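[1] Fold the following.
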Amino acid sequence: MLNSFLDKYIFTNTLKYTHNNFFLVDMPFVITPISVLTNLAGNPDSNLQKKIYAEVKRSSREHFLEKVSGFGLDKEKQLKFVQDFFVASGWGAIQPVDLNFDSKRAIIVVDNSPFVVELKGKAKVAVDVFLRGVLAGLFSRIFSENIDCVEVECAALNFERCKFIIKPQQEFDFTNQVVKDQIEVGD
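    As a prediction, the model looks like this:
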């Protein structure tokens with residue numbers, strides 16, 4: 001028994017290891033030590049962080065959710081699948097606190113981020129840049145608008161948990177330093 005989410009796909013034979021690759025419903029994925037990514041995640045260079053975020057956002061919006069939407073799920077079930085997939089894959093306990101499809105906004109919290117485990121007490125910036133990009137891409141696709149995600153609290157910076165604000169880009173206050181450090185206008 002791996003975990004209840006992945007076990008379901010093992011049982012239905014839709015989680016496979018073929019030709020030295022993992023596939024979940026024909027979607028390739030990898031298992032990797034978090035230490036491979038911590039130097040990128042914890043790098044205090046805001047320009048590098050913005051580039052990583054923008055590329056992960058673009059890729060998630062254009063490719064990842066496209067594969068998930070092919071499962072025939074409505075938007076709420078797509079979000080639930082992605083949440084369950086990331087939780088089961090070791091990204092921490094991801095939980096929506098507020099989700100409003102009409103106003104195109106969400107607040108997501110994460111407990112036990114693997115990046116926090118590695119970088120708590122060492123980080124100078126919020127460390128969940130990869131998850132921010134995935135969330136921004138996911139919600140951009142689901143809300144059919146340019147959505148961004150800012151990590152306003154990070155457990156690696158001694159907050160209780162990681163907290164993400166998700167909303168249309170034009171609604172962010174770009175005079176706020178945290179926003180300016182995490183997203184580029186027009187991405």
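[2] Just give me the residue closest to the centre of the chain.
    In the chain, the C-alpha closest to the average C-alpha coordinate belongs to residue 131, at a distance of 2.5 Å (Cα atoms, centre = their mean).
[3] quick one: that residue and residue 109 touch, right?
    No - using Cβ atoms under 8 Å, residue 131 makes no contact with residue 109, being 11.5 Å away. For the C-beta atoms, the positions are set from N, CA and C on the backbone; glycine is no exception.
[4] Quick check: neighbours shared by those two?
    For the pair residue 131 and residue 109, residues contacting each of them under the criterion Cβ atoms under 8 Å, 6 or more residues apart in numbering are 94, 164.
[5] Can you show me the helices along the chain?
    Taking DSSP state H as the test, the helices found in the chain are 4-11, 35-41, 46-59, 65-69, 75-88, 114-119, 129-143, 177-182.
[6] Can you get me a residue count around residue 32?
    For residue 32, the neighbour count with other Cβ atoms under 10 Å is 9.
[7] sorry, back to before: between the helices of the chain, which one is nearest to residue 156?
    Among the helices of the chain, the nearest to residue 156 by Cβ to Cβ is helix 114-119 (4.6 Å).
[8] so what are the domain limits for the protein?
    Using automatic domain parsing, the domains assigned to the chain come out as 1-31, 38-182.
[9] Dump these to TSV, plus mean pLDDT.
    Supplementary listing: the domains of the chain in TSV, determined by pLDDT from 0 to 100:
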stretch	mean pLDDT
domain 1-31	70
domain 38-182	90
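[10] ok so, going back, list the contacts for the residue nearest to the centre of the chain?
    Contacts for residue 131 (Cβ under 8 Å, 6+ apart) come out as 86, 91, 94, 110, 113, 164.
[11] which of those lies closest to residue 181?
    Compare each of the contacts of residue 131 with residue 181 using Cβ to Cβ and the shortest gap goes to residue 164, at 14.5 Å.
[12] Most tightly packed of the domains of the chain?
    Highest mean neighbour count of those: domain 38-182, a mean of 18 (counted as mean count of other Cβ atoms under 10 Å).
[13] That one: how far from the chain's middle?
    With Cα atoms, centre = their mean, to the nearest Å as the basis, domain 38-182 stands 4 Å off its chain's centre.
[14] quick one: terminal-to-terminal distance for it?
    Taking Cα to Cα, to the nearest Å, the span from the opening residue of domain 38-182 to its closing residue is 17 Å.
[15] do the same with stretch 112-121
    Length of stretch 112-121, first residue to last, Cα to Cα: 14 Å.
[16] OK, contacts around the closest residue to residue 35 other than its chain neighbours?
    Closest residue in space to residue 35, ignoring its immediate chain neighbours: residue 118 at 6.3 Å, by Cβ to Cβ, 6 or more residues apart in numbering. Under the criterion of Cβ under 8 Å, 6+ apart, the contact list for residue 118 reads 34, 35, 38, 42.
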